[in-house]
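# Sequence plus predicted model, see below.
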Amino acid sequence: MQKGIKARLYPTIEQQETLNKTFGSCRFVYNHFLAERVRSYKEDETSLSYNKTAHLLTELKRDEDHLWLNEVDSMALQESLRNLDRAYQNFFKGNAGFPKFHSKHNRQSYRTRNQGNGIRIVGNAVRIPKIGLVKYKGLQPFEGTILNATVSKSASGKYYISLCVEMKETVRTNAGCLIGIDVGIKEFYTDSNGNTVSNPKTYSKHEKKLIREQRRLSRKQRGSNNRNKQRIRVAIQHEKIANIRSDFLHKVTTKLADENQVVCVEELNVKGMLHNHHLAKSISDVSWGEFFRLLDYKTAERGGRVVKVPTFYPSSQTCSNCGYKNPLVKDLAIRQWTCPVCGKTHDRDRNAAINILNKGLEVLAS
């Protein structure tokens with residue numbers, strides 16, 4: 001199996017200069033050959049392949065005006081061409097839009113391959129081609145072969161490395177329980193056992209401070225040093241929100257994966273739900289898509305399974321005791337209701353979670 005392992009880098013000033021030069025060179029190569037592929041298609045009606053652009057890159061590096069490309073990692077430049085080719089393939093498959101030019105104002109990154117053990121861990125430092133030994137923190141011990149590494153720089157100026165490691169697949173154990181989950185906005189989720197996890201509302205709690213910092217940024221003069229300092233403050237605030245949200249999601253999904261063999265969830269069209277402008281901000285803040293992604297792979301690592309119930313299954317409207325469907329419960333304001341057939345009183349979210357569990361087990365058995 002292949003696994004990504006991320007750590008924070010602490011490069012020296014000289015190493016930062018080399019890293020920034022590599023970011024810029026990779027961005028230039030990507031944009032240059034994107035423009036070349038567009039020009040080739042418009043003028044010659046031919047589509048340049050990766051091999052053709054790799055040959056043109058070799059010629060470009062020999063040009064007197066572009067000799068500076070030889071100062072950075074050559075494999076990183078080749079990987080930029082692979083990224084461009086992959087972007088074209090995704091576009092033609094309908095999985096993404098047309099490739100866009102990269103900007104120096106966004107997150108910067110480049111990927112390089114591990115050839116001849118050029119990427120390796122040495123004590124408390126990691127060796128990176130053309131950079132040397134760079135100190136790191138937060139890298140978990142691992143046993144495996146490093147295939148490639150992605151070095152990145154966040155908008156706040158922090159450097160990170162993500163190692164793609166090939167290791168033996170090990171299946172962990174879980175407690176073997178079965179659970180159904182009904183996600184929401186007020187409560188992050190309610191399970192079939194009646195337990196609830198509150199929504200941390202990370203963005204909402206930090207929104208006022210973020211707005212204040214962004215207003216300060218808008219008042220700074222473009223190109224000034226004060227504006228750049230304020231830009232970093234805004235980036236740090238965004239990064240803090242993302243880190244708090246990510247920490248919460250990892251803790252919740254790890255607990256669910258450790259305790260359960262089967263986790264039944266409702267299959268939601270999150271992208272479609274974001275078109276509702278009244279709830280888009282809350283849905284983005286709660287991060288259902290990332291929650292389901294983390295839960296899926298963590299459960300699989302422990303030998304469990306995530307079962308998705310069809311989107312339009314009326315889990316909230318159906319009585320979990322007798323199966324009666326109550327259309328009045330479509331009203332989201334109704335948080336508790338009593339079944340007119342069997343007389344059982346239901347909490348809306350727990351009833352939905354029980355129905356999702358029962359429906360998920362049916363789907364699993366079929």
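Received, thanks. Numbering: from 1, shown residues only.

# Do you have the strands of the stretch 201-350 of the chain handy? List them.
Secondary structure of the stretch 201-350 of the chain (DSSP state E, counting those that start in this stretch): strands at 260-266, 305-309, 336-338, 345-347.

# If you average the pLDDT over stretch 238-245, what comes out?
Confidence over stretch 238-245 (mean pLDDT, whole number) is 95.

# what's the distance between it and the middle of its chain?
How far stretch 238-245 lies from its chain's middle: 13 Å, per CA atoms, centre = their mean, to the nearest Å.

# if we can go back for a sec, would CSV of the strands of the stretch 201-350 of the chain with distance to A35 and mean pLDDT be doable?
Every residue, glycine included, has its C-beta placed from N, CA and C. Putting the strands of the stretch 201-350 of the chain into CSV (distance: least, CB to CB, whole Å; pLDDT from 0 to 100) gives the following:
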stretch, distance to A35, mean pLDDT
strand 260-266, 44, 96
strand 305-309, 42, 95
strand 336-338, 61, 91
strand 345-347, 59, 92
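
# Please produce CSV containing those strands, extended by mean neighbour count.
Output for the strands of the stretch 201-350 of the chain, formatted as CSV (neighbours: other CB atoms under 10 Å):
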stretch, mean neighbour count
strand 260-266, 24
strand 305-309, 19
strand 336-338, 14
strand 345-347, 16
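
# So which of those is nearest Q2?
For those, proximity to Q2 was assessed by CB to CB; strand 305-309 is nearest, at 20.3 Å.

# Just name whatever secondary elements the closest one is in contact with.
Contacts defined by 3 or more CB pairs under 8 Å, 6 or more residues apart in numbering; DSSP states H and E place strand 305-309 against strand 260-266, helix 288-301, helix 348-365.

# Would you list the strands that that strand pairs with, along with their directions?
In the sheet, strand 305-309 lines up against strand 260-266 (parallel) (DSSP bridges).

# what's the closest non-adjacent residue to K201?
Counting by CB to CB, 6 or more residues apart in numbering, the nearest residue to K201 once its immediate chain neighbours are dropped is D285, at 6.3 Å.

# contacting residues around that neighbour?
Listed by CB atoms under 8 Å, 6 or more residues apart in numbering, the contact set of D285 reads K201, T202, Y203, S204, R245.

# State the pair within those residues that is farthest apart.
Pairwise across these, and taking CB to CB, the largest span is found between S204 and R245, at 11.4 Å.

# Looking at the two, which is more packed in?
Under the neighbour definition other CB atoms under 10 Å, S204 and R245 were set side by side, and R245 has more, 19 against 13.

# What is the burial count for the residue nearest to that one when sequence neighbours are not counted?
Using CB to CB, 6+ apart and skipping the chain neighbours, the partner closest in space to R245 is T202 (4.6 Å). For T202, the tally of surrounding residues (other CB under 10 Å) stands at 21.

# Over to W288?
For W288, the number of neighbouring residues by other CB under 10 Å comes to 20.

# Ok, V270 next?
Here the number of neighbours of V270 (other CB under 10 Å) works out to 16.

# Look up how far F291 lies from the residue nearest to K201.
As judged by CB to CB, to the nearest Å, D285 and F291 stand 12 Å apart.

# Over to A242?
Taking CB to CB, one finds A242 at 14 Å from F291.

# Find the nearest non-adjacent residue to the residue nearest the centre of the chain, please.
Residue closest to the mean C-alpha point of the chain, counted by CA atoms, centre = their mean, is E290 at 6.8 Å. Using CB to CB, 6+ apart and skipping residues adjacent in sequence, the residue nearest E290 is L249, 5.8 Å away.

# residues touching I241, list them.
The contact partners of I241, taken as CB under 8 Å, 6+ apart, are T202, Y203, H206, L210.

# repeat that for 10 Å
Contact criterion CB atoms under 10 Å, 6 or more residues apart in numbering gives T202, Y203, S204, K205, H206, E207, K209, L210, D285 as the residues in contact with I241.

# now do S40
Each residue near S40 by CB under 10 Å, 6+ apart is listed here: F33, T46, S47, L48, K52, T53.

# Dump these to JSON lines, plus distance to P99, secondary structure and neighbour count.
JSON lines is the format used below for these (distance: CB to CB, whole Å; DSSP: H, G, I helix; E, B strand; the rest coil; neighbours: other CB atoms under 10 Å):
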{"residue": "F33", "distance to P99": "10", "secondary structure": "helix", "neighbour count": "23"}
{"residue": "T46", "distance to P99": "17", "secondary structure": "coil", "neighbour count": "10"}
{"residue": "S47", "distance to P99": "13", "secondary structure": "coil", "neighbour count": "11"}
{"residue": "L48", "distance to P99": "13", "secondary structure": "coil", "neighbour count": "21"}
{"residue": "K52", "distance to P99": "16", "secondary structure": "helix", "neighbour count": "16"}
{"residue": "T53", "distance to P99": "13", "secondary structure": "helix", "neighbour count": "23"}
